[in-house]
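Colleague: no sequence on this one, just coordinates:
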């Protein structure tokens, strides 16, 4: 493959990450693949916004949400603003390493893939040892997702999802919080896009470090897996038909 060139829009949802935001922005901008970084601040109150105001790099665009609305809304906002041929989601903590962008993008740049998931489980790279039940929960959610999408992913809940820009432009996202992960997966699968996985390192953090996802998000993920599957979409359309018919009669 040829030498790295800037070609990547990095979409970074951010909420109260003052302790890590400076370092992760530095790491992202050090990647030779980064052409632009879109930081979508989701109503931070801990000094994160004040730091973002000090960034001078012309590759960085900061979008300030008026209040905390969730990761899904932030991702959707960032996707609408990208202008590079490739897009990746980057959390504002230090769990995922931007130094691995090259490995993640390789299947796309080689013309093999439209979407690449960075798997924390399909890897021999360094991996912080943390919560057993989180690991079990992730694998269960991935297995259930695979049942409804007919994919064979190992890590549906990963943050690192990279796309050709036309993929994100073709998807209408609805979820506001962490349900964005199963929703993206279901809609990419439904679109028939070519999907690859690449093993990545993972420096997971504890709740004391600021981890935000909880068991309620796991319950919501199950709902999203079903709701955005072909079966779930047919069910939602069927429920909507009487409402559409009633409105049509009223406006006739």
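Modeller: Structure's in. What do you need? Remember, predicted model here, so these are calculated numbers, not experimental data.
Colleague: So the spatially closest residue to residue 229 that is not a sequence neighbour, which state does it fall into?
Modeller: Distances taken as Cβ to Cβ, 6 or more residues apart in numbering put residue 148 closest to residue 229, at 3.9 Å, once the chain neighbours are dropped. C-beta: built from backbone N, CA, C; applies to glycine. Secondary structure state of residue 148, per DSSP: H, G, I helix; E, B strand; the rest coil, is helix.
Colleague: ok, now residue 36?
Modeller: Residue 36 - assigned by three-state DSSP - is strand.
Colleague: who's in contact with it?
Modeller: 8, 9, 10, 59, 60, 61, 82, 83, 84 (Cβ atoms under 8 Å, 6 or more residues apart in numbering).
Colleague: I'd like to know how far it sits from residue 28.
Modeller: Distance, residue 36 to residue 28, using Cβ to Cβ, to the nearest Å: 10 Å.
Colleague: ok, for residue 77, nearest residue in space, not its chain neighbours?
Modeller: Closest residue to residue 77 apart from its sequence neighbours, by Cβ to Cβ, 6+ apart: residue 40 at 5.0 Å.
Colleague: Which strand residues bridge the one you found?
Modeller: Under DSSP bridges, the beta-bridge partners of residue 40 are residue 13, residue 63.
Colleague: In this structure it contacts residue 78, no?
Modeller: Yes - the pair residue 40 and residue 78 passes the contact test of Cβ atoms under 8 Å, sitting 4.8 Å apart.
Colleague: any common contacting residues for those two?
Modeller: By Cβ under 8 Å, 6+ apart, residue 40 and residue 78 have these common neighbours: 11, 12, 13, 63.
Colleague: Number of residues surrounding the second one?
Modeller: Number of residues near residue 12 (other Cβ atoms under 10 Å) recorded here: 26.
Colleague: Burial check on residue 15, number of neighbours?
Modeller: Applying other Cβ under 10 Å, I find that residue 15 has 21 neighbouring residues.
Colleague: actually residue 125, not the one I typed
Modeller: A count of nearby residues for residue 125, using other Cβ under 10 Å, gives 13.
Colleague: Do you know the pLDDT at residue 89?
Modeller: Per-residue pLDDT puts residue 89 at 98.
Colleague: List the residues that contact it.
Modeller: So residue 89 contacts 11, 12, 13, 75, 78, 159, 160, 161 (Cβ under 8 Å, 6+ apart).
Colleague: Look up the residues forming beta bridges with it.
Modeller: For residue 89, the beta-bridge partners are residue 11 (DSSP bridges).
Colleague: gap between it and residue 158?
Modeller: In terms of Cβ to Cβ, residue 89 sits 9 Å off from residue 158.
Colleague: doesn't residue 102 make contact with residue 88?
Modeller: No - using Cβ under 8 Å as the test, residue 88 is too far from residue 102 to be in contact (11.4 Å).
Colleague: coming back round to it: joint contacts of residue 36 and residue 28?
Modeller: Any residue near both residue 36 and residue 28 by Cβ under 8 Å, 6+ apart counts here, and that gives residue 10.
Colleague: before we move on, the earlier item: nearest to residue 198, of the contacts of residue 36?
Modeller: residue 8 (14.7 Å; Cβ to Cβ).
Colleague: quick one: the nearest residue to that closest one once chain neighbours are set aside from residue 86, how far?
Modeller: Spatial nearest neighbour of residue 8, chain neighbours left out: residue 33 (4.4 Å); criterion: Cβ to Cβ, 6+ apart. Distance of residue 33 to residue 86, computed by Cβ to Cβ: 8 Å.
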